[in-house]
Each structure stands twice: as structure tokens, then as C-alpha cells.
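**Q** The following block contains a protein sequence and its predicted model.
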Amino acid sequence: MHFYYLARMMAKGDIIAHLSQDARLRAVIDSTEMHNWTGGGSVYSDLLGSIISQQISVRAAATIQERFLNLFDNRYPHVEQVLAFDEEKLRSVGLSRQKASYIRNIAEFFKQENLIDYDWSPHQDEEIIKLLTQIKGVGQWTVEMILMFTLNRPDILPLDDLGIRQAMIKLYNVEEIGRTLKPRLQEIAEPWRPYRTYACKYLWKWKDQ
């Protein structure tokens, strides 16, 4: 067995062992098969994809994404090409005026900050959130998804995600509401550190089942 693969499997075992110390989460892990353990990709292109998919169905998002990519050489949205298109050209693939504006905002920001093919590894999670949420149209939840699924950061807890909140409320019989809800969920998730990302991936999968 390749050493790298073996090391990853051992790490996965360590993560599951740690999270399984929470009895309720252990029941979720035992009943849920996790295939997509890690992700990967480009922060730039995944941000664009996130904007395209916001507030529409998966099917509609896939259709618009396909049309969007077909606008570009090699089906890659190079920054210079995105910025060369006017808003109407971007809207022609099915994007709203607002989404077309946000996509141009991302391209302009990545060009100005020289972030294409950037090495994000030296940066802490909060640094990346602070940087990318400067882009109009990109909120904290969007950057948290990038951290979890593109950059494979292990300890993200996206409490603005409705699915995570619903899953935790159900699993832990949470009664708090309003301003007291988030602190209670943070308290529940504290023992999951430093692997809250993986706990959340299990919770999403469990809820969908």
C-alpha cells in the first residue's frame, strides 16, 4: 500500500476515533457512509461556482454553469476574459444582473490581489475569511464552504448553515432559540475540535439520509 494513502487512512481513523467520543455523534458516524472525505480545487473557480449556484436548484445551477464555462477558452473562466465580457454577455447564460456583477467582482479582486494559483496554506482560516469577504457578493458562509471543501481545512463550524443548525438541534434536542441558539451549538461542537469540518460533513450526510 502506498505510504501516502496509508497515512491518509490512519488520519481518517484518528479523526473518527476523536469524534466518536461524543456518543450522539458516534451514532451518526456509525450509520453514515462518507465517500467524499476530502475535496480540492481552485478557490477562484469554486467561488465563481458558488455564486452561480446560490438560491437556485442543483439542476438549474448545473445548466448555467455549463453555459458559463462554454464562454471561455478551454472552458476555464480566465480572469482577463471574465473582465473583458460586459454584464449582458455574462447574463446571456442565465445569470441574474446581481450574480453577473458578483462574478466580475471576484475576477477583479483576484486580479488586483494576484490570487490566481495562490498558495493559501500559510494563512489561518480567519485571515482567509477576512480577505475574501471584502469581495461584494461573497459572505462568510461562502468562504467557510471554500475552506471546508476546496482547501480541506479541518476545523470549520459553519453555524450560519441551515442544514447544520437543523441537524444539531435534532440530534442534541436543543431547546434554545434566538440569541441563545448559536452559543449553545458552539458549546456542543467544542469537543469536536480540531475536526469540526468532518463532524459537519457527517451531519449533512446524516440529515440528507
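**A** Now that the structure is in, tell me what you want to look at. Numbers count the residues shown, from 1 in each chain.
**Q** Could you report the pLDDT at the residue positioned nearest the centre of the chain?
**A** For the chain, the residue nearest the mean C-alpha position is Met145 (1.4 Å; CA atoms, centre = their mean). Listed pLDDT for Met145 reads 96.
**Q** contacting residues for the residue lying closest to it once chain neighbours are set aside?
**A** With CB to CB, 6 or more residues apart in numbering as the criterion, Met145 has its nearest non-adjacent residue at 6.4 Å, and that residue is Ser50. No exception for glycine: its C-beta is placed from N, CA and C like everyone else's. Shown in contact with Ser50 (CB atoms under 8 Å, 6 or more residues apart in numbering): Thr142, Met145, Ile146.
**Q** Relative to Glu175, how far out is Ser50?
**A** 33 Å (CB to CB, to the nearest Å).
**Q** Show me where the protein has its helices.
**A** 3-19, 23-31, 43-53, 58-69, 79-84, 87-91, 97-112, 125-132, 140-149, 162-171, 181-189, 196-208 (DSSP state H).
**Q** domain ranges for the protein?
**A** 3-37+155-208, 43-149 (automatic domain parsing).
**Q** Can you pull out the residues in contact with stretch 97-117?
**A** Contacts of stretch 97-117 (CB under 8 Å, 6+ apart): 43-44, 47-48, 51-52, 54, 77, 79-80, 82-83, 87, 90-91, 95, 131, 134-138.
**Q** what are the C-alpha coordinates of that stretch, in PDB please?
**A** Written as PDB, here are the backbone C-alpha positions of stretch 97-117 (Å, rounded to 0.1, in the frame of the first residue of the first chain):
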ATOM      1  CA  ARG A  97     -27.800  41.000 -13.100                       C
ATOM      2  CA  GLN A  98     -26.600  40.800  -9.500                       C
ATOM      3  CA  LYS A  99     -24.800  37.500 -10.000                       C
ATOM      4  CA  ALA A 100     -23.100  38.700 -13.100                       C
ATOM      5  CA  SER A 101     -21.900  41.700 -11.100                       C
ATOM      6  CA  TYR A 102     -20.600  39.500  -8.300                       C
ATOM      7  CA  ILE A 103     -18.700  37.300 -10.800                       C
ATOM      8  CA  ARG A 104     -17.000  40.300 -12.200                       C
ATOM      9  CA  ASN A 105     -16.200  41.500  -8.600                       C
ATOM     10  CA  ILE A 106     -14.400  38.200  -7.900                       C
ATOM     11  CA  ALA A 107     -12.400  38.300 -11.100                       C
ATOM     12  CA  GLU A 108     -11.400  41.900 -10.400                       C
ATOM     13  CA  PHE A 109     -10.400  41.200  -6.800                       C
ATOM     14  CA  PHE A 110      -8.300  38.100  -7.700                       C
ATOM     15  CA  LYS A 111      -6.600  40.100 -10.500                       C
ATOM     16  CA  GLN A 112      -5.800  43.100  -8.200                       C
ATOM     17  CA  GLU A 113      -4.600  40.900  -5.300                       C
ATOM     18  CA  ASN A 114      -2.700  38.500  -7.600                       C
ATOM     19  CA  LEU A 115      -4.500  35.500  -6.100                       C
ATOM     20  CA  ILE A 116      -4.700  33.200  -9.100                       C
ATOM     21  CA  ASP A 117      -2.800  30.000  -8.300                       C
END
